[in-house]
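Participant: fold the following for me, if possible:
(2 chains)
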Amino acid sequence: RKEVEQDPGPFNVPEGATVAFNCTYSNSASQSFFWYRQDCRKEPKLLMSVYSSGNEDGRFTAQLNRASQYISLLIRDSKLSDSATYLCVVNRGDYKLSFGAGTTVTVRA
Amino acid sequence: ETGVTQSPTHLIKTRGQQVTLRCSSQSGHNTVSWYQQALGQGPQFIFQYYREEENGRGNFPPRFSGLQFPNYSSELNVNALELDDSALYLCASSVPQGADYGYTFGSGTRLTVV
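Facilitator: A predicted model of the protein is given here:
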């Protein structure tokens, strides 16, 4: 079983729509959680950390459910510039990050 | 403050050859991690270097090796290249507990093995 599994999408949404997707992680000892954004053929960039109480950053809302071991990301009022692959990332308190394979989002005009 | 820089940006090698990829860490960061990202996959952890010593290793064969220098820059070496080694190789520098806060990655080296 993969350490981090994501809904691969693709999610194809119109501008202004809300889109949400999840990932699950297998290691219950995981301690830190993140969403990264990756544009085509570029490096991943940290979008936001995910905290137990849930957190927002502008139009982006992240939730963590430790009991069910899943993480979600919701994007409100989608912009064309939100088109990207979103990587769910988990750290179990050691030296490495474990990445999901990514969820592709395409926002159309 | 300079970010993480990697060189070269693109590289084409023949199966069986050897390759060296380079990474300069962000100012103040003494830990360097290397990841391999195959097409359509998420990055996979190769290894991490701290104080010039390997600090952890992922599920990669010994033909993947590395070095860290006193200035904290790092090299990734891959011997006996295979076609499946074609990927984007990413470097991230950090402080030792950097994984707790997420990493900033360099722009990567895209390696193609033919």
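
Participant: how about A:Leu97, what does it touch?
Facilitator: A:Leu97 is in contact with A:Phe34, A:Val89, A:Val90, A:Asn91, B:Ser33, B:Tyr35, B:Pro43, B:Phe45, B:Ala99, B:Gly102, B:Tyr103, counting by Cβ atoms under 8 Å, 6 or more residues apart in numbering or on different chains. Placement of C-beta: from N, CA and C, glycine included.

Participant: err, B:Ser74, not the other one
Facilitator: Applying Cβ under 8 Å, 6+ apart, we find B:Ser74 in contact with B:Arg22, B:Cys23, B:Ser25, B:Val32, B:Trp34, B:Tyr49, B:Gly66, B:Leu67, B:Gln68, B:Cys91.

Participant: closest residue of chain A to chain B?
Facilitator: Here chain A gets closest to chain B at one residue, A:Phe99, 3.2 Å apart by Cβ to the nearest Cβ.

Participant: which stretches of chain B form strands?
Facilitator: Per DSSP state E, chain B carries strands over the ranges B:5-7, B:10-13, B:19-24, B:31-37, B:44-50, B:53-57, B:64-68, B:74-78, B:87-94, B:104-105, B:109-113.

Participant: ok, is the shortest one in contact with chain A or not?
Facilitator: Yes: using Cβ under 8 Å from any Cβ of the partner chain, strand B:104-105 reaches chain A at B:Thr104, B:Phe105.

Participant: ok, now the third one?
Facilitator: No: taking Cβ under 8 Å from any Cβ as the criterion, strand B:19-24 and chain A are apart, separated by no less than 11.9 Å.

Participant: same check on the fifth one?
Facilitator: Yes: Strand B:44-50 comes into contact with chain A (Cβ under 8 Å from any Cβ), by way of B:Gln44, B:Phe45, B:Gln48, B:Tyr50.

Participant: pull the CA atoms of stretch A:2-17 into PDB?
Facilitator: Written as PDB, here are the backbone C-alpha positions of stretch A:2-17 (Å, rounded to 0.1, in the frame of the first residue of the first chain):
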ATOM      1  CA  LYS A   2       1.300   3.400  -0.900                       C
ATOM      2  CA  GLU A   3       2.100   5.700   2.000                       C
ATOM      3  CA  VAL A   4       0.100   8.600   0.500                       C
ATOM      4  CA  GLU A   5      -2.800   8.100  -1.900                       C
ATOM      5  CA  GLN A   6      -4.600  10.800  -3.700                       C
ATOM      6  CA  ASP A   7      -7.600  11.100  -5.900                       C
ATOM      7  CA  PRO A   8      -5.800  11.600  -9.300                       C
ATOM      8  CA  GLY A   9      -8.600  13.600 -11.000                       C
ATOM      9  CA  PRO A  10      -8.400  15.300 -13.300                       C
ATOM     10  CA  PHE A  11     -10.900  17.900 -12.000                       C
ATOM     11  CA  ASN A  12     -12.000  20.100 -14.800                       C
ATOM     12  CA  VAL A  13     -14.000  23.100 -13.400                       C
ATOM     13  CA  PRO A  14     -15.200  26.500 -14.600                       C
ATOM     14  CA  GLU A  15     -13.800  29.700 -13.300                       C
ATOM     15  CA  GLY A  16     -15.400  30.700 -10.100                       C
ATOM     16  CA  ALA A  17     -16.300  27.100  -9.100                       C
END
